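# here is the input, now give the coordinates:
(one chain, ligands or ions: 1)
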Amino acid sequence: MAEEIKVHSEEALTEEEIFNQDAPRKKLKVTNAFQQLMNPNKPKPKQQQKPERSTGGNPFKNRMGLGAYLDDPASFPASIVIAHDNEFVVIHDKFPKATVHTLILPRSSKCNLKHPFDAFDDPELLVKVKVQVEKVKSLVAAELQRKLGTYSEAERDRQAVLDGKVDLKPGQDLPKGRDWAKEIKVGVHAVPSMTHLHVHILSRDMHSESLKHRKHYNSFVTEFLVDIDDFPLPKDDPRRRTKEEGYLARDLCCWRCGKNFGAQFKQLKEHLDGEFDKWKRE
Ligand code: AMP
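Model (predicted):
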């Protein structure tokens, strides 16, 4: 008998996401920072391949959607697969929970079906992942600057030079602008929903239409998101006991001002709109 698909309280995906593994994705209309930096001359993909259609009855298969990117990354357009080599594939999250949300997928079959806590006990893999994280962080920072730079107070002097409104004095460098890397979080979920090993790299604004559930929010603002710098994780680390810690069921607290919304997700979402506006103007 086919096993029923269950979405457990200790994981961050909703049924909608599990069942929509074959939903079509929008192609980006404009060239983004990822495309400019990583794939300036990338040839057009032969055809767009989508993750395998869900069977509806096989819970394992429904959580295997990330595997399609590992099998044939070159068959995806740059609006889905940002970069790939023999060891990693970097993609845009299909249900982004923030303005920019990417995933790094290690390709080696030695590790790619392991739980991250076990996989990152391997020091060799961890070093490689951290190197990859730094590269992708720069890309995410560049994409944030491209998307939000015009709103940011910290970008004003730089933008004035770029717009030709202010001239640099001889020997003067282009002002650096905002440190967008500080606005980025990197980690893994203590209980991943998708089977293939993946690391989240996302902006910290939590401003997205795909953020639809309390557990989506809490999975990125509580310690359920285990920072990549905390690996290898000590054996007695409380984040290994997610059930006891109950991260996903905690009160909803604004990541920026700390205001507590209890279980009121709609009110939190409205508040996050205002906070996003203030954050992007910093
Ligand atoms: P988690 O397993 O909780 O660490 O999160 C899995 C992530 O994968 C979520 O952020 C989902 O939005 C994302 N996701 C799920 N299916 C796909 C897919 N087919 N392609 C790209 N991203 C996906």
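
# residues from the stretch 51-200 of the chain in reach of the ligand?
Proximity of the stretch 51-200 of the chain to the ligand, by C-beta under 6 Å from any ligand atom, involves residues 51, 65-66, 91, 93-95, 189, 192-194. For glycine as for every other residue, the C-beta is placed from the backbone atoms N, C-alpha and C.

# can you tell me which member of those has the lowest pLDDT score?
Ranked by pLDDT, those bottom out at P51, which has 45.

# coming back round to it: closest one of the residues of the stretch 51-200 of the chain next to the ligand to L272?
Closest approach to L272 among these (C-beta to C-beta): F95, at 16.4 Å.

# how far away is the closest one from L168?
Between F95 and L168 the computed distance is 42 Å (C-beta to C-beta, to the nearest Å).

# higher neighbour count, those two?
A count of neighbours by other C-beta atoms under 10 Å puts F95 above the other of F95 and L168, at 17 against 10.

# surely that one touches E209?
No: here F95 lies out of contact with E209, judged by C-beta atoms under 8 Å, at a distance of 9.3 Å.

# can you map out the strands along the chain?
Remark: strands assigned in the chain by DSSP state E are 81-84, 88-92, 101-106, 184-189, 199-203, 225-227.

# T14 is nearest to which of those strands?
strand 184-189 (13.6 Å).

# tell me which residues are up against that closest one.
Strand 184-189 is contacted from outside by 11-12, 116, 120, 133, 137, 140-141, 144, 198-204, 219-220, 224-230, using C-beta atoms under 8 Å, 6 or more residues apart in numbering.

# ok, that strand: who's next to it in the sheet?
strand 199-203 (antiparallel), strand 225-227 (antiparallel) (DSSP bridges).

# and the angle for the first one with strand 88-92?
Compare the direction of strand 199-203 with that of strand 88-92 by axes from the mean of the first three to the mean of the last three C-alpha atoms, to 10 degrees and you get 40 degrees.

# and A142, how far from G274?
From A142 to G274 the distance is 26 Å (C-beta to C-beta).

# comparing these two, which residue is more hemmed in?
With neighbours defined as other C-beta under 10 Å, A142 and G274 compare such that A142 has more, 19 against 12.

# alright, I will stop here.
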